[in-house]
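Student: Just a sequence and a predicted model for now, questions to come.
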Amino acid sequence: MAQALELTLLEQWIRDRVPAFNGDLKAEKFAGGQSNPTFKLTAGDNAYVLRRKPQGTLLASAHAVDREFKVLSALAPTNVPVPTAVALCEDDDVIGSMFYIMEYLEGRIFWDPALPEVSDDDRYAIYDQMNQVMADMHLVDIHSVGLSDYGKPGNYPERQIGRRTKHYRAAETETIPAMEKLIDWLPKNMPEDDGRVSLVHGDYRLDNMIFHPTEPRIIGILDWELSTLGHPLADLAYQLMAWQFPREAGINGLAGLSRADLNIPDDETYIRLYCERTGQPGIEDWNFYMAFCFFRLASITQGIRKRALIGTASSPEAEAKAAMVGPLSTMGAAYTD
């Protein structure tokens, strides 16, 4: 199997670098996730997480697990909650591709943004916590933590649109009119670069967070593969974009639900809280950032679709979720009118 984990060489590699790891090594693949296959490793009383590059032919610069390892290490001394980075292996001969090992965090992952499993008070607190941690992440001094070279300078949306268009073309399987509209409209409607640069997560959403087992508190932000230096509004728009998805879309959203009844802040409140925490008066060009985020996710999802077709996608649900390329691009194109 393309996503199987060979333990023979891995066990020795770990023992040479993680002295506390003792006992017979076992690995269990986590369900979900379409990008870098992720495994829980156990040996005796110890538990860690391994994330690897997929095997097979990959898009250039994608699946850079070494970048994930770098950003986790850099954020360790900050107030942004992340698992502790343990060890990085750049030798493909150990398990067949580059990988890293990080701390295993015991906590809760929520998959439904409606949060049916928590109380009304905790539901609001969870959303407030997501807002606070995002603001904290965007306020990190990238120079003092050693991330000044983590991305190219210049206009982040412009760079992303160019890159994601190339990736989309490389993975394209059919012509989607809404994607063609976005590819044409976005470069022509680019906001003027305001010079703001921060660490951006790139996939900041509820199910990429581990919450405390009983408290509405984030103890770890996961899946930093798409992180880079860029414009912080891309993260904010991305998170609000996800809440627009219909409940039946295969990607849980909040469309059709009463946020007031659920004690979930509306978009305006969430944006206001973020602006207060990051010290900005308001946001211009919001429609551009929303269209940009839908386009970006549609391009990434098209990559999943292509990997599903050639058999290298890391999740059995990949093909079903890849069917979202058309709906995502259609929702994004609505912001261009």
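Tutor: Noted; the coordinates are in hand.

Student: In what element of secondary structure is the most centrally placed residue in the chain found?
Tutor: The centre of the chain sits closest to residue 203, judged by C-alpha atoms, centre = their mean, with a distance of 2.6 Å. Using DSSP states H and E, residue 203 is not contained in any helix or strand.

Student: which residues in the chain form helices?
Tutor: According to DSSP state H, the chain carries its helices in the segments 8-17, 65-75, 120-138, 156-171, 177-188, 233-242, 259-262, 267-278, 286-310, 318-322, 325-333.

Student: Considering the ones you listed, which stretch scores lowest in mean pLDDT?
Tutor: Among those, helix 318-322 carries the lowest mean pLDDT, at a mean of 65.

Student: follow-up on the earlier one: I figured the residue nearest to the centre of the chain hits residue 223, correct?
Tutor: Yes: using C-beta atoms under 8 Å, residue 203 is in contact with residue 223, at 5.6 Å. Where you see a C-beta, it was placed from the backbone N, CA and C, and this is true even at glycine.

Student: still on that earlier bit, dump the residue contacts of the residue nearest to the centre of the chain.
Tutor: 223, 225, 226, 238 (C-beta atoms under 8 Å, 6 or more residues apart in numbering).

Student: related to what we said a few turns ago, for residue 46, find the nearest of the helices of the chain.
Tutor: Ranking these by proximity to residue 46 (C-beta to C-beta) places helix 8-17 first, at 9.8 Å.

Student: What residues sit buried inside that closest one?
Tutor: Using 16 or more other C-beta atoms under 10 Å as the test for burial, helix 8-17 gives 10, 11, 13, 14.

Student: from those residues, which two are the most distant?
Tutor: Greatest spacing in the buried residues of helix 8-17, by C-beta to C-beta: 11 and 13 (7.3 Å).

Student: separation between residue 103 and residue 184?
Tutor: For residue 103, the distance to residue 184 (C-beta to C-beta, to the nearest Å) stands at 45 Å.

Student: Compare these two (neighbour count), which wins?
Tutor: residue 103 (14 against 11; other C-beta atoms under 10 Å).

Student: I'd say the more buried one and residue 48 touch.
Tutor: Yes: the criterion here is C-beta under 8 Å, and residue 103 meets it with residue 48 at 6.7 Å.

Student: got the buried residues of helix 8-17 as JSON lines, with distance to residue 298 columns?
Tutor: Below are these laid out as JSON lines (distance: C-beta to C-beta, whole Å):
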{"residue": "10", "distance to residue 298": "35"}
{"residue": "11", "distance to residue 298": "40"}
{"residue": "13", "distance to residue 298": "38"}
{"residue": "14", "distance to residue 298": "38"}
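
Student: just those now: which is nearest residue 30?
Tutor: Of all the buried residues of helix 8-17, residue 30 sits closest to residue 10, with 16.5 Å by C-beta to C-beta.
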